[in-house]
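Chemist: From the sequence below, what's the structure:
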Amino acid sequence: MTINIVLGGPRGKMGTEAIKMMTNEPHFQLVACIDRKNNGKTLHDIQHICDENIPIFDDAASCFQEIKADVYVDLTVPQIGFEYAKLALEHHICSVIGTSGFSEEQIDELSILAEQNKTGCIIAPNFALGAVLMMLFSKMAAKYFPDVEIIEKHHDKKIDAPSGTALKTIDLIKQSRTSKIQGHPDEYEIIEGARGGDVDGIRVHSMRLPGLVAHQEIVFGSKSQLLTIKHDSFHRESFMDGLKLAIEKVTHMQKLVYGLEHVLDVE
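Modeler: Reported below is the predicted structural model:
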């Protein structure tokens, strides 16, 4: 069965890789794009990797009304990605959201909307399958190593910190770990923020530098030992297997799930 896809964010680096993947999958059909700058143009006008005259809309509502789509893929930014995802679900179009930075309230609102419309939605902080396994392994380790810090590193064009992957990792770790204060009880910062962010006693450190793509390590400490779980994405191509899987799975769902681990066979 062919899956008709609308892509939000075709000009970005992730969007470029997604277009390559979608046009090379025989059962995927990219039918439209949403881009705030190129209304009325075709995808070939802005992305010469694509030979097809796929229409571009700057208005998501018009796109979802005029185009017959099965799945909306959002690779935009949080400010507009949330509104686009809402519109897609309201039009009973399944959604795969790779945009990070949504608040808990926004995720809850999308979850309610997905259930009301019986329409699938996957929010994936990270599409790299290795990164998903990294998060799951961290959940397992936290049961035995409750002292933990997270270092996440991304390119300097990323605007949210910490990353969605770090936040999802914390969420999974909290399911296995009792909340605790780490470090010396009298520690203090000479430079504010030197110890990183603090979520439930877990310290999170964010780096933003040119040359990076997406990297994270979780360091667990215990008596006389350290356990480090690490994942590196060196190219955005690493996210495409997970994105492909999410597109295939979401059409069979009638609710929202947060995290790609919910569609992986990891039991």
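Chemist: What are the boundaries of the strands in the stretch 1-150 of the chain?
Modeler: Along the stretch 1-150 of the chain, counting by DSSP state E, counting those that start in this stretch, strands occupy 3-8, 28-34, 56-57, 71-74, 94-97, 121-123, 147-154.
Chemist: centroid residue for this protein?
Modeler: What sits nearest the mean C-alpha location of the chain, by CA atoms, centre = their mean, is residue 125, with 2.6 Å.
Chemist: Looks like it contacts residue 259 (just checking).
Modeler: Yes: Residue 125 lies in contact with residue 259 (CB atoms under 8 Å); the separation is 6.8 Å. For every residue, glycine as well, the C-beta is placed using N, CA and C.
Chemist: okay, and the common contacts of these two?
Modeler: Counting by CB atoms under 8 Å, 6 or more residues apart in numbering, the shared contacts of residue 125 and residue 259 are residue 168.
Chemist: so who does residue 18 touch?
Modeler: Contacts for residue 18 (CB under 8 Å, 6+ apart) come out as 7, 10, 73, 75, 240, 243.
Chemist: That one and residue 156: what is the separation?
Modeler: Distance, residue 18 to residue 156, using CB to CB, to the nearest Å: 22 Å.
Chemist: Repeat that for residue 107.
Modeler: From residue 107 over to residue 156 (counting by CB to CB), the distance is 26 Å.
Chemist: quick one, which of those two is more surrounded?
Modeler: Counted by other CB atoms under 10 Å, residue 107 and residue 156 do not tie: residue 107 has more neighbours, with 16 against 11.
Chemist: What sits closest to residue 68 if chain neighbours are left out?
Modeler: Sequence neighbours aside, residue 4 is the residue nearest to residue 68 in space, at 6.1 Å (criterion: CB to CB, 6 or more residues apart in numbering).
Chemist: tell me the pLDDT at that neighbour?
Modeler: As predicted, residue 4 sits at a pLDDT of 98.
Chemist: again with the one 3 residues further on
Modeler: Model confidence at residue 7, expressed as pLDDT, equals 97.
Chemist: Check residue 177 too.
Modeler: According to the model, residue 177 carries a pLDDT of 94.
Chemist: quick one: contacts for it?
Modeler: Going by CB under 8 Å, 6+ apart, residue 177 touches 142, 143, 146, 148.
Chemist: low-scoring stretches of the stretch 101-250 of the chain, by residue?
Modeler: Regions of the stretch 101-250 of the chain meeting the criterion pLDDT under 70 are absent.
Chemist: Okay, strands next: where are they in the stretch 151-267 of the chain?
Modeler: Secondary structure of the stretch 151-267 of the chain, counting by DSSP E, counting those that start in this stretch: strands at 197-199, 202-208, 214-222, 225-233, 256-258.
Chemist: In its sheet, which strands sit next to the fourth one, and in what direction?
Modeler: Strands flanking strand 225-233 in the sheet, each with its direction: strand 214-222 (antiparallel) (DSSP bridges).
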